[in-house]
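K.L.:
I'd like to go over a predicted model; first the sequence, then the structure.
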Amino acid sequence: MNPNPSPDVPLDEQPAPDHAEVPEPPWPCRPSPRLIQNEVTTEIPVHLLFRDDPDPQPVPLRPAVVNRRQGTGEQPRVRRPVPAKARPVAQVDPDLAERPARVLPATAGVLAGLCGAAGCVATSWWAGVLPPLTGAALGLPAAGAGAGLGPAQWAAYAGAGALGLFGFGGLARGGTGRAWVLGLFGRYRGTVRRTGLMWVNPLLLRRRVDVRLRHWRSDPLHAAEPGGVALRVVVLVVWRVRDTARAVLGVEDHEGYLRECVEAALARVPVEMPGTTRASVAGEALTRLVAADAAAVGLEVFSVQPVRVEYAPEMAAAMHRRRIAALDAQQRATLLTSVVDSVEDTVTRLTMRGLVELDDYERKVLVRDLTVAFCSGRTGGGDPAH
């Protein structure tokens, strides 16, 4: 150990002491807080939070955990908006669709009926029960003793009668704008849209449907303004049956279903009073909603338009007073603007032409008098002093 180094020897060439003495700090040495800890977060080095890098690189962050306790150093995760579910569309049996039914010309039914009638006459002649005058009129030879009404004759009667009833009973007349939906034992057998005389199987159940363009004027229905004020609305619906199978078999009553669709649409679409700029928007929205709901049952809706809109009885008196007050306020504002413009124009002309020379007080008095005079003249008279 060399406690006294030589002054002639440079410091960097002097031998190092055997035991370097480190001076003790004047205060008690405590471990530096290197970490931030708690019971939830992990250890985070302090030197990462306070770096002296000139251009620090961005640190990728993972999504934080939602609903953590405050003060843990974690950031809440941004919740993504959940898309609203689309409104379900009404559907019926996909296999239920209109198709043409099998029909025959009316000639086939007439021939079958005549054959059945001829068979009955021939059976009566065979059994010997045909009157002589009738047989002579028909050109039949005079019958002998006849075989009588036995089982064979009764069977011939039944067959000929069934043929006649089947032929004449199947005759039907189709009209323009009318259709028949045919069914047999609960099964759909087709739709008849033909016009004129035809033969349809008499065993089929026929349901007549009007397929013409129709309009329906509703009774006063409940509706509301955009502000929630109750209204009574009468709508005009133009529609027709496009698919007869779905209209008749898809719902119990397609006309009642259409009424319910209109009421449901009025509950979702606010209706404006007539005379506003957005009064036609409600009709377009109603047409779109009703057409979408009614298309599932084979109805084609062309237009749903409000034809009469009025306030509900419990709101009519209050809204009438409110409208009168708004009109009165609008009229007063218009009148005041007109009076002020007239007074300003009059004072400006008098001053610029040099007809009068006014100071501030005289100008104010003149403006007041002109305003009172113009207001009295616009309102139809009155005491100018008031």
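P.N.:
Alright, I've got the coordinates.
K.L.:
Verify the contact between residue 163 and residue 111 for me.
P.N.:
No. Under the criterion of C-beta atoms under 8 Å, residue 163 lies out of contact with residue 111, with a separation of 10.1 Å. C-beta coordinates here come from the backbone N, C-alpha and C atoms, glycine included.
K.L.:
higher neighbour count, these two?
P.N.:
Between residue 163 and residue 111, counted using other C-beta atoms under 10 Å, the more crowded position is residue 163 (19 against 13).
K.L.:
what's near enough to touch that one?
P.N.:
Residues near residue 163 by C-beta atoms under 8 Å, 6 or more residues apart in numbering: 112-113, 115-116, 119.
K.L.:
Need the pLDDT of it.
P.N.:
Turning to residue 163, the model gives it a pLDDT of 91.
K.L.:
Apart from its chain neighbours, what residue comes closest to it?
P.N.:
Nearest residue to residue 163, sequence neighbours excluded (C-beta to C-beta, 6 or more residues apart in numbering): residue 116, at 3.5 Å.
K.L.:
Give the helix, strand or coil label for that neighbour.
P.N.:
Reduced to three states with DSSP: H, G, I helix; E, B strand; the rest coil, the structure at residue 116 is helix.
K.L.:
which regions of this protein sit below the pLDDT cut-off?
P.N.:
For the chain, the stretches flagged by pLDDT under 70 are 1-90, 130-148, 275, 277, 279, 316, 319, 377-386.
K.L.:
Got the domain ranges for it?
P.N.:
According to automatic domain parsing, the chain is divided into the following domains: 104-140+147-210, 214-311, 320-378.
K.L.:
possible to save those domains as CSV with distance to residue 95?
P.N.:
Written out in CSV, the entries for the domains of the chain read as follows (distance: least, C-beta to C-beta, whole Å):
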stretch, distance to residue 95
domain 104-140+147-210, 9
domain 214-311, 10
domain 320-378, 55
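K.L.:
nearest to residue 94, of those?
P.N.:
Each of the domains of the chain was checked against residue 94 via C-beta to C-beta, and the shortest separation belongs to domain 214-311, namely 10.3 Å.
K.L.:
What residues sit buried inside stretch 232-251?
P.N.:
Taking 16 or more other C-beta atoms under 10 Å as the basis for neighbour counts, the residues of stretch 232-251 that come out buried are 232-233, 235, 237, 239-251.
K.L.:
Just to be sure, which of these are found in strands?
P.N.:
232-233, 235, 237, 239-241 (DSSP state E).
K.L.:
would TSV of those residues with distance to residue 151 be doable?
P.N.:
TSV is the format used below for those (distance: C-beta to C-beta, whole Å):
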residue	distance to residue 151
232	74
233	72
235	68
237	63
239	59
240	56
241	51
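K.L.:
biggest separation within the residues you listed, which pair?
P.N.:
Largest separation among these by C-beta to C-beta: 232 and 241, giving 28.9 Å.
K.L.:
what helices or strands is the lengthiest helix in the chain leaning on?
P.N.:
Longest helix in the chain, counting residues (DSSP state H): helix 313-352. Under the contact criterion of 3 or more C-beta pairs under 8 Å, 6 or more residues apart in numbering; DSSP states H and E, helix 313-352 touches strand 299-311, helix 360-378.
K.L.:
Just name the most buried of the ones you listed.
P.N.:
Across those, the average number of neighbours (mean count of other C-beta atoms under 10 Å) peaks for strand 299-311, which reaches a mean of 18.
K.L.:
now residue 343, nearest residue through space, not along the chain?
P.N.:
Nearest residue to residue 343 in three dimensions, chain neighbours excluded: residue 370, at 4.6 Å (C-beta to C-beta, 6+ apart).
K.L.:
Report the contact partners of the one you found.
P.N.:
Listed by C-beta under 8 Å, 6+ apart, the contact partners of residue 370 are 342-343, 346-347.
K.L.:
can you list contacts of the helix or strand residue 183 falls within?
P.N.:
Element membership of residue 183, judged by DSSP states H and E, is strand 178-184. Contacts to strand 178-184, defined as C-beta under 8 Å, 6+ apart, come from residues 101, 172, 174, 188-193, 200-201, 203-211, 241, 244-245, 248-249.
K.L.:
Let me have the helices and strands packed on helix 313-352 in TSV, extended by distance to residue 149.
P.N.:
Output for the helices and strands packed on helix 313-352, formatted as TSV (distance: least, C-beta to C-beta, whole Å):
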stretch	distance to residue 149
strand 299-311	57
helix 360-378	108
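K.L.:
Quick check: which of these is nearest to residue 268?
P.N.:
Using C-beta to C-beta as the criterion, the shortest distance between residue 268 and those is 12.5 Å, found for strand 299-311.
K.L.:
Check which helices and strands the closest one is in contact with.
P.N.:
Strand 299-311 makes packing contacts with strand 230-241, helix 254-268, helix 279-294, helix 313-352 when contacts are defined by 3+ C-beta pairs under 8 Å, 6+ apart.
K.L.:
Would you reformat the ones you listed as CSV and include distance to residue 159?
P.N.:
Formatted as CSV, the entries for those read as follows, by distance: least, C-beta to C-beta, whole Å:
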stretch, distance to residue 159
strand 230-241, 41
helix 254-268, 42
helix 279-294, 49
helix 313-352, 70
